[in-house]
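Asker: Build me a structure from this.
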Amino acid sequence: MHMSRARFRWAAVLAGMAVITQAAPAQADEPGGAYLLKVVPAHGPSTVRSLYCEPDGGTLDAASRACDQLRSVDGEVGRIPGETGPCTLEYAPVRVSAHGRWHGVPRHFEQIFANRCVAARDTGGILFGE
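Answerer: As a prediction, this is how the structure comes out:
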């Protein structure tokens, strides 16, 4: 049976989330965090990155800086302070999401922004940056 690219991508994303969920600590008092970070533009390719904290790593280039941000807000992406700075007024909607666990507690964040620059800026500049 032939699987479309979109279905294959979603299957890969779901498989990655299963791995992150299994690798994450099972108890709330255990250290660490694990997230699957997605950027899905209305048009064009999506990006998916992994982020692990304590120890810091994953496929996100700035893992240590991202984990520092998450540590400051108890792993809640929506509480990371936005940065200041200009972004174009271009309307190119992008949906960003971060799903995972922080010290054993499930954490989920998903929001649509006017463009990728605004998404990165308004979420602290690291998790969903280029």
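
Asker: show me where pLDDT drops low in the protein?
Answerer: Scanning the chain for pLDDT under 70 picks out the ranges 1-31.

Asker: Point to the residue nearest the middle of it.
Answerer: residue 37 (2.3 Å; C-alpha atoms, centre = their mean).

Asker: That one: what's it in contact with?
Answerer: Shown in contact with residue 37 (C-beta atoms under 8 Å, 6 or more residues apart in numbering): 48-51, 60, 96-98, 127-128. Any C-beta I mention is one placed from the backbone N, CA and C, and that applies to glycine too.

Asker: Please confirm that it is located within a strand.
Answerer: Yes. Counting by DSSP: H, G, I helix; E, B strand; the rest coil, residue 37 is found in a strand.

Asker: Mind telling me what element the nearest residue to it once chain neighbours are set aside is part of?
Answerer: Once flanking residues are discounted, residue 37 sits nearest to residue 49: 4.6 Å by C-beta to C-beta, 6 or more residues apart in numbering. Remark: residue 49 resides in strand 47-53, with elements defined by DSSP states H and E.

Asker: what's the offset of that strand from the middle of its chain?
Answerer: 6 Å (C-alpha atoms, centre = their mean, to the nearest Å).

Asker: strands paired with the helix or strand just after that strand, and their directions?
Answerer: Using DSSP H and E, the helix or strand that follows strand 47-53 in sequence is strand 57-58. Note on strand 57-58: by DSSP bridges, its sheet partners are strand 47-53 (antiparallel).
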